[in-house]
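1. Would you be able to build a 3D model of this:
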Amino acid sequence: MKINLPNLLVILRIALIPVFLFFFLDPAFNRIIPMAVFLIAAFSDFLDGHLARKWGTVSNFGKLMDPLADKMLVSAAMVALVYVQELSAWAVVIIICREFWVTSLRMLALEQGKEVIAASIWGKIKTVLQVIMLTVLIWGIFPGTLSIILVYLAVIATVLSAAEYTKSYKDVFKA
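-> Numbering: from 1, shown residues only. Down below sits the predicted model:
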């Protein structure tokens with residue numbers, strides 16, 4: 001692995017997951033601390049990709065680990081919210097299954113020597129909606145209708161993103 005700031009930010013994002021979980025799941029702490037940790041980790045996703053492209057330091061480590069770090073962070077936050085009964089498991093299952101599906105499609109494409117398709121507009125919308133939804137749920141100050149709407153919007157964007165990736169990778173099924 002080439003050590004550069006974008007790759008260090010990916011590692012930081014992974015390292016912040018247990019920190020987030022510690023503060024979120026310990027009732028001695030209020031929700032501001034885990035929300036701040038989550039937002040720092042989520043922001044590192046934007047920053048590492050931006051810096052890697054700007055500085056020309058895109059690496060195989062970053063290409064592989066950046067999306068995995070994102071999935072790990074989002075999955076950990078969602079599972080923690082299910083654990084404290086503030087997010088429905090059905091939504092989490094749909095979102096996590098989409099992540100496995102798209103990752104599998106990307107792996108099949110790579111195995112067949114095809115280019116990995118960059119994040120689509122629906123993939124980006126999905127990510128933004130998931131981060132907003134998780135931030136609102138972690139913070140816990142908007143229970144009720146707003147939270148429910150955000151969950152449904154995130155799930156809809158997740159399903160549309162999965163459909164778009166499936167269409168983009170349709171050639172992998174022919175091999």
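
2. low-confidence ranges in this protein?
-> Applying pLDDT under 70 to the chain picks out residues 1-2, 175.

3. Can you give me the neighbour number for I148?
-> Other residues near I148 number 12, with proximity taken as other C-beta atoms under 10 Å. Just so you know, the C-beta spots here come from the backbone N, C-alpha and C atoms, and that holds for glycine as well.

4. hang on, S75 packs against C97?
-> No - counting by C-beta atoms under 8 Å, S75 sits too far from C97 to count as a contact (11.0 Å).

5. Pretty sure L73 sits against I17.
-> Yes - the pair L73 / I17 is scored as a contact, 5.8 Å apart, by C-beta under 8 Å.

6. Please identify every residue contacting each of these two.
-> Listed as contacting both L73 and I17 by C-beta atoms under 8 Å, 6 or more residues apart in numbering are A41.

7. if you count what's nearby, which of those two comes out ahead?
-> Applying other C-beta under 10 Å to L73 and I17 shows that L73 carries more neighbours, namely 23 against 19.

8. leaving aside the residues next to it on the chain, what's closest to the more buried one?
-> Distance criterion C-beta to C-beta, 6 or more residues apart in numbering; nearest residue to L73, sequence neighbours excluded, is A41 at 5.3 Å.

9. What strand or helix carries that neighbour?
-> Applying DSSP states H and E as the criterion places A41 in helix 32-55.

10. just the helices in this protein please.
-> Secondary structure of the chain (DSSP state H): helices located at 5-25, 32-55, 60-83, 89-111, 121-139, 145-168.
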